[in-house]
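Enquirer: quick one: sequence plus predicted model below, questions after.
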Amino acid sequence: MKPAWSVILFTTLAGAGQGLFLALVARDLFGGAPVAFVVCGAALALGLLAAGLVASFFHLGHPERAWRSAVMWRTSWLSREVIVLPLFMALVAAYGILHWMEWPEAALPVTVLATIACLALFVCTAMIYACLPFLQEWRTPLTVVNFLALGCASGLSAAAALAAWLHPPLASAYVAAALLVGAFAYLARLAALARNARLRPKSTLATAIGVKHPKIVQIAQGAMGGSFNTREFFHGRPREMVRAVRWSFLVLVFPLPALLLVAGGNSAAVLSGAFLAQYAGLLAERWYFFAEARHPQNLYYQAIA
Amino acid sequence: MTQLALVIDLNVCVGCHACVTSCKQWNTSGEAGFLSDDNPYGADPTGTFFNRVQTFEVGEFPNTETVHFPKSCLHCEDPPCVPVCPTGASYKRAEDGIVLVDYDKCIGCKYCAWACPYGAREIDEHQKVMKKCTLCVDRIYDENLPQADRKPACVQACPTSARIFGDIHDPDSEASRAIRDSGGYALMPEWGTHPANHYLPRRKTALPIHADELERHDNPLKVDGQLPRPAPDEPALDDVTSW
C-alpha cells in the first residue's frame, strides 16, 4: 500500500492525544494532580486530536461531504470512528472545563464516558485496517494492540514532558509508566513484525486469473501510463528505503526515547525530546505499516507494456 | 432473486480491447458525467476506466500460451467494498445484484478500493469520487432502446462473443448455462466474496480425423460411378429393387 500522509498523521496525532488523556485519567485515579496540569493536559490532548482531525480531512476527495460518513455505523468501522472521534473530543473538552471549574461531582461521569470513548476510538481506528481480510499484514489482533499500546506510550511520554514543565513531582511516575508501556508496545510491534515476516500470501496469479499453472507472467496491464491501481497500492520505494525506515522506527519508537526518559530526570527539555523522538518514530512506524501491506490487487498490476 | 453478471470466455477473447473502448465511450457520455483522463495523447496517458484487458503469458517458452484477461467489477454476491463504505454511497442493489456507487454521496475516502481484492475500483482524479463498472445500468433497462441493444456496451462490442450477459441466478439463462457447461469459475475464491462475474477457462481445441472417416467404405457416391449398372434380374443394393 502507498502510505498516505494524512492517515499517518491522523493515527499518530490522535493516538498521542488519546494516550495523553488516559495518562491524565490515570493520574486522577491516584488523586493529587494540580488543576493547571490537568487542564493544560486536556487542552494539549484536544489540540493533538484536532490536528489529527484536520490531517484526516486531507485524505478525502470531498471533505465538504464528510458529515455523510456517520451514516453506516452498523457496518463500517470508518463510520464508527467518524462518530466516536468528535464525541471523544467533546468529552475531553468537557473534562478540561469541569476540572477548570473544579467541579469533581460532574467531572467523574464525564471522565468515565471519555475513557470509554477513548478506548472505543483506538479500537475503531485499528479495526479500519484489521477488518480487511485480504490485507493479511493487518488482519491480526496485534494491529489493535499496537495502535492502543503505541498511542498510550506516546501519550505517557507527552505527559512526562508536560509534568516536568508544569508539575515536576509528577514527572517520575509518568516516566516510569512511559517506560513500562513503551516496552510493552515495542514488544507487541516486534511480534507483529515477526508474524508478518512469515506470512505467505493466500492469493497468487493462478487464483487471480484462474489459470492453474505455476508459471504465469504478466505482459500487459491494460494501461500504459499507470492507473489509480498502480498509484494507490504500490509505495514505489526501493527495498533499501523500506528497510531503513524499519530500522529507524525500531530505534526511535522505544530505545532512544527510553534512554532520554531515563537520563532526563525532571528536565522538561530532555523529556520533550523523548516525546518528539518517539513521535518521529511513530511516523516512521505508521509509514512502514502501510508500506509493508501487500494488497492482492497488485497481482494484476505487475507489468506495463 | 436476480443477479446480473458477465460471463467472460477466455477461450475466445482475442485481447482486442473493443470492450474497453466501447465501455469508455458509453460511460464517459452518460448523464453521470465523464470519466476523466490525463495526457490522453501524451507520453504517460492515464485515466479512469471501468474495464481493462490485461495479458498474461502462461508456461515456459516455447510451451507458452497467451491469455487475454478482461477485468472489471465482478459484482460480488458478498461484496467486501459495500459494508466498509462510511456514507452508504457504495451499495448493492437488491433487485438485480449490481454493485453501484452513488457519486453524490461518495466522499472519496478510497476505503472501498482498499477493501476490493480485485482492484476493480478506480477513483476519478478530477471529480474525486470512486468509480466502477455499473453493468451499464443506464442502458440495460432503457426502453427507448431496441431489445437487442439493452446489454452492457462491452457485450455489444465484443467481436468474438467472449462476453455473455445474464442472470446467473436463473438456471436457464445463457450465462448460467455457460458457467455450468463450460466449467465457469470465480476469481480469488479464497476470500469468500462470491463474485457474480465468472470466467470460462481456455480449452484445448483438437479435431482428430482418421483415414476411415475421410472415406466411408460404403460411400455410395463414389461406388455408384465406378460400378456398372446391375442387370434388371441381378440383385440391387438393397436386394429388393432393381434399376
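Expert: Structure's in. What do you need? Numbers count the residues shown, from 1 in each chain, chains lettered A, B, ... in the order given.
Enquirer: residue contacts, the residue in chain B that chain A sits nearest to?
Expert: Closest to chain A within chain B is B:G108: 2.0 Å, counting by CB to the nearest CB. Yep, even glycine has a C-beta here, placed from its N, CA and C like the rest. Neighbouring residues of B:G108 by CB atoms under 8 Å, 6 or more residues apart in numbering or on different chains: A:60-62, B:123, B:128-130.
Enquirer: closest to B:G166 out of those?
Expert: B:G166 lies nearest to B:M130 out of the contacts of B:G108, by CB to CB, at 26.5 Å.
Enquirer: residue contacts, that closest one?
Expert: Here B:M130 is in contact with B:89-90, B:101, B:106, B:108, B:110, B:112-113, B:121-124 (CB under 8 Å, 6+ apart).
Enquirer: so which of those are in strands?
Expert: Among the contacts of B:M130, the residues falling in strands (DSSP state E) are B:90, B:101, B:122-123.
Enquirer: what's the farthest-apart pair in those?
Expert: So, those by CB to CB: farthest apart are B:S90 and B:E122, at 13.5 Å.
Enquirer: can you pick out the residue with more neighbours from these two?
Expert: The neighbour comparison of B:S90 against B:E122 (other CB atoms under 10 Å in any protein chain shown) goes to B:S90, with 28 against 22.
Enquirer: isn't that one right up against B:C81?
Expert: Yes. Between B:S90 and B:C81 there is a contact at 5.5 Å, judged by CB atoms under 8 Å.
Enquirer: what about stretch B:3-14, start to end distance?
Expert: Counting by CA to CA, to the nearest Å, you get 27 Å between the two ends of stretch B:3-14.
Enquirer: the stretch 1-150 of chain A: helices as residue ranges?
Expert: A:5-30, A:35-57, A:77-100, A:104-130, A:141-166 (DSSP state H, counting those that start in this stretch).
Enquirer: one more: chain B?
Expert: With DSSP state H as the criterion, chain B has helices at B:18-28, B:81-84, B:111-114, B:137-140, B:153-157, B:174-181, B:211-214, B:220-226.
Enquirer: can you tell me what sits against the first one?
Expert: The set of residues that contact helix B:18-28 without belonging to it, under CB under 8 Å, 6+ apart, is A:222, B:34-35, B:49-53, B:70, B:72, B:133-134, B:136, B:139, B:152-159, B:163.
Enquirer: from those, keep the buried residues only.
Expert: Among these, those scoring as buried are A:222, B:35, B:49-53, B:70, B:72, B:133-134, B:136, B:139, B:152-158, B:163 (criterion: 16 or more other CB atoms under 10 Å in any protein chain shown).
Enquirer: leaving out chain neighbours, which residue sits closest to the residue in chain A positioned nearest to chain B?
Expert: Chain B sits closest to A:G61 of chain A, with a gap of 2.0 Å, by CB to the nearest CB. Of all residues not flanking A:G61 in the chain, B:G108 sits nearest, at 2.0 Å (CB to CB, 6 or more residues apart in numbering or on different chains).
Enquirer: can you list the weak-confidence ranges in chain B?
Expert: B:212, B:214-230, B:235-243 (pLDDT under 70).
Enquirer: mind running it again at 90?
Expert: B:1, B:30-33, B:43, B:204-243 (pLDDT under 90).
Enquirer: then chain A?
Expert: Scanning chain A for pLDDT under 90 picks out A:27-34, A:102-107, A:224-225, A:264-266, A:303-305.
Enquirer: and the residue of it most remote from its centre, what does it touch?
Expert: No residue in chain A sits farther from the centre than A:H213, which is 40.7 Å out by CA atoms, centre = their mean. For A:H213, the contacting residues are A:206, B:58-59, by CB under 8 Å, 6+ apart.
Enquirer: go on, A:A70?
Expert: A:79, A:82-83, B:86.
Enquirer: and A:A120, by the same measure?
Expert: A:80, A:84, A:88.
Enquirer: tally of neighbours for the first one?
Expert: Residues near A:R80, counting by other CB under 10 Å, number 22.
Enquirer: all helices of the stretch 201-305 of chain A, in order?
Expert: A:205-209, A:228-232, A:239-252, A:255-264, A:268-292.
Enquirer: mean neighbour count and distance to A:E105 for these - can I get that in TSV?
Expert: Below are the helices of the stretch 201-305 of chain A laid out as TSV (neighbours: other CB atoms under 10 Å in any protein chain shown; distance: least, CB to CB, whole Å):
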stretch	mean neighbour count	distance to A:E105
helix A:205-209	20	61
helix A:228-232	20	51
helix A:239-252	15	43
helix A:255-264	19	36
helix A:268-292	21	33
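Enquirer: thank you, goodbye.
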